[in-house]
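K.L.:
need the 3D shape of this:
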Amino acid sequence: MNTDFQEESGLTKFRDEYIEEISKRKQRLLSVISNYCQELHDRGEKTRKTSFDKLVEELLRFDDNLDSRLHQLKSIWLQHSKDFRDSAYQEGIKLSLEGGHKCIEGLEDVVNDLLRDIHTKLKNIIMSIKGYPRGRGKAADFQRTVCDLFEWLFIDKLRRRNDLKRTSDGSQIKDGVLGIEEWYNPKKDFGYQFQFLFLECKNYTQEPKSKDLLQLFGYTILLTVDTDTIKNIPLCFLISRRNPNTDDLIWKLRWRIYRQFKRLIIFLDDEDLSEMVENKCNNDNPGKVIKNKIKEIQDYSITHP
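P.N.:
Sure thing, here's the model as predicted:
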């Protein structure tokens, strides 16, 4: 049984079901607002409706500011409902706003359910990762679960690209490849512009070594012959149970690769992944962990030319 496909299908179904539900509730809310404007025959209300439409449309994206945007939506609705009441009073029209209130409450329920389900899934995944015994016996499980984690952390922004796992010459298979959605700009979350993430997962009993870094670096060299698909240098993660010691040769080699070839390879371990999950569950940016690590590399290259 293909567990990668199973996990991917489950996540896709989850994502699609919520998009459909939020979309239905969004259209219902916009329809209610349109009816209010029509009843009031007020062009000024239609102008205000445009900004309201835009904000409701944003609810289709599952990004890290979903709860804060919902709070903003509720605040704007309170102002709109006050405007509607005032306009109705001035025109002598009896206007019930119960439909709008119910739509907002329905959207809030869907968004809260969505966030709760994502957070629960992430907590279960990180528990699985930290619970795997180190060594070859659970290497495949560790690799698969780490890839799942990144998809759930960035559920609306990154999608698994199994079609790009094999290198151009067909000789090697990457552990994981994630591509960004067309609308998404990763610069804000990660502090770095990229089109794809390459994941290399090592469930070693000890820290990864230079050969593992060079393996990941090699993938970025081979991709240069596939410029029709991959147009930007990918951001690479070497993910292990414990990050390399800063005195190890692998750190010096990583600086050299960045300075000479502009390949960014980030070290991540159990603690880093846990921090990313914690950030997400606190409605903070899970990419902040990576952003800080990228800044550390870039700052070091400036001070050590």
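K.L.:
strands of the stretch 51-200 of the chain, residue ranges please.
P.N.:
158-160, 176-180, 196-202 (DSSP state E, counting those that start in this stretch).
K.L.:
next SSE after the last one?
P.N.:
Next along the chain after strand 196-202, taking DSSP states H and E as the criterion, comes helix 210-222.
K.L.:
on that earlier part again, and Lys54, which of the strands of the stretch 51-200 of the chain is closest to it?
P.N.:
strand 176-180 (22.8 Å; Cβ to Cβ). Where you see a C-beta, it was placed from the backbone N, CA and C, and this is true even at glycine.
K.L.:
give me the helices and strands touching that closest one, please.
P.N.:
Counting by 3 or more Cβ pairs under 8 Å, 6 or more residues apart in numbering; DSSP states H and E, the packing neighbours recorded for strand 176-180 are helix 139-153, strand 158-160, strand 196-202.
K.L.:
okay, buried residues for that strand please.
P.N.:
Buried residues in strand 176-180, counted by 16 or more other Cβ atoms under 10 Å: 176-180.
K.L.:
again, but for stretch 204-221
P.N.:
204, 207-208, 210, 212-213, 216-217, 219-220.
K.L.:
ok, now stretch 26-34?
P.N.:
Going by neighbour count (16+ other Cβ under 10 Å), the buried part of stretch 26-34 is 26, 28-30, 32-33.
K.L.:
what are the C-alpha coordinates of that stretch, in PDB please?
P.N.:
Only the C-alpha atoms of stretch 26-34 are listed here, as PDB (Å, rounded to 0.1, in the frame of the first residue of the first chain):
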ATOM      1  CA  LYS A  26     -18.800  33.000   2.100                       C
ATOM      2  CA  GLN A  27     -21.300  33.200  -0.800                       C
ATOM      3  CA  ARG A  28     -24.200  33.100   1.600                       C
ATOM      4  CA  LEU A  29     -22.800  36.000   3.600                       C
ATOM      5  CA  LEU A  30     -22.100  38.000   0.400                       C
ATOM      6  CA  SER A  31     -25.600  37.300  -0.800                       C
ATOM      7  CA  VAL A  32     -27.100  38.600   2.500                       C
ATOM      8  CA  ILE A  33     -24.900  41.800   2.300                       C
ATOM      9  CA  SER A  34     -26.100  42.300  -1.400                       C
END
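K.L.:
coming back round to it: need the strands of the stretch 51-200 of the chain in CSV with mean pLDDT and distance to Trp255, can you?
P.N.:
Converted to CSV, those look like this (pLDDT from 0 to 100; distance: least, Cβ to Cβ, whole Å):
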stretch, mean pLDDT, distance to Trp255
strand 158-160, 89, 27
strand 176-180, 92, 24
strand 196-202, 95, 18
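K.L.:
which among those strands is found nearest to Met127?
P.N.:
strand 196-202 (17.0 Å).
K.L.:
what's the angle from the strand or helix carrying Ile239 to helix 210-222?
P.N.:
Assigned by DSSP H and E, Ile239 belongs to strand 235-240. Strand 235-240 runs at 160 degrees relative to helix 210-222, counting by axes from the mean of the first three to the mean of the last three Cα atoms, to 10 degrees.
K.L.:
which elements pack onto strand 235-240?
P.N.:
On a contact count with 3+ Cβ pairs under 8 Å, 6+ apart, strand 235-240 meets strand 196-202, helix 210-222, strand 265-268.
K.L.:
just the CA trace of the helix or strand hosting Lys295, in CSV.
P.N.:
Taking DSSP H and E as the definition, Lys295 sits inside helix 288-303. Extracted C-alpha coordinates of helix 288-303, given in CSV (Å, rounded to 0.1, in the frame of the first residue of the first chain):
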residue,chain,number,x,y,z
LYS,A,288,10.0,31.8,11.7
VAL,A,289,12.3,29.0,12.9
ILE,A,290,13.7,28.7,9.3
LYS,A,291,13.7,32.4,8.7
ASN,A,292,16.0,32.9,11.7
LYS,A,293,18.3,30.2,10.6
ILE,A,294,18.5,31.7,7.1
LYS,A,295,19.3,35.1,8.6
GLU,A,296,22.1,33.5,10.7
ILE,A,297,23.7,32.1,7.5
GLN,A,298,23.4,35.3,5.6
ASP,A,299,24.7,37.4,8.5
TYR,A,300,27.7,35.1,8.9
SER,A,301,28.6,35.3,5.2
ILE,A,302,28.7,39.1,5.5
THR,A,303,30.9,39.1,8.6
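K.L.:
which parts of that helix are buried?
P.N.:
Neighbour counts over helix 288-303 (16+ other Cβ under 10 Å) mark 288-291, 293-294, 297 as buried.
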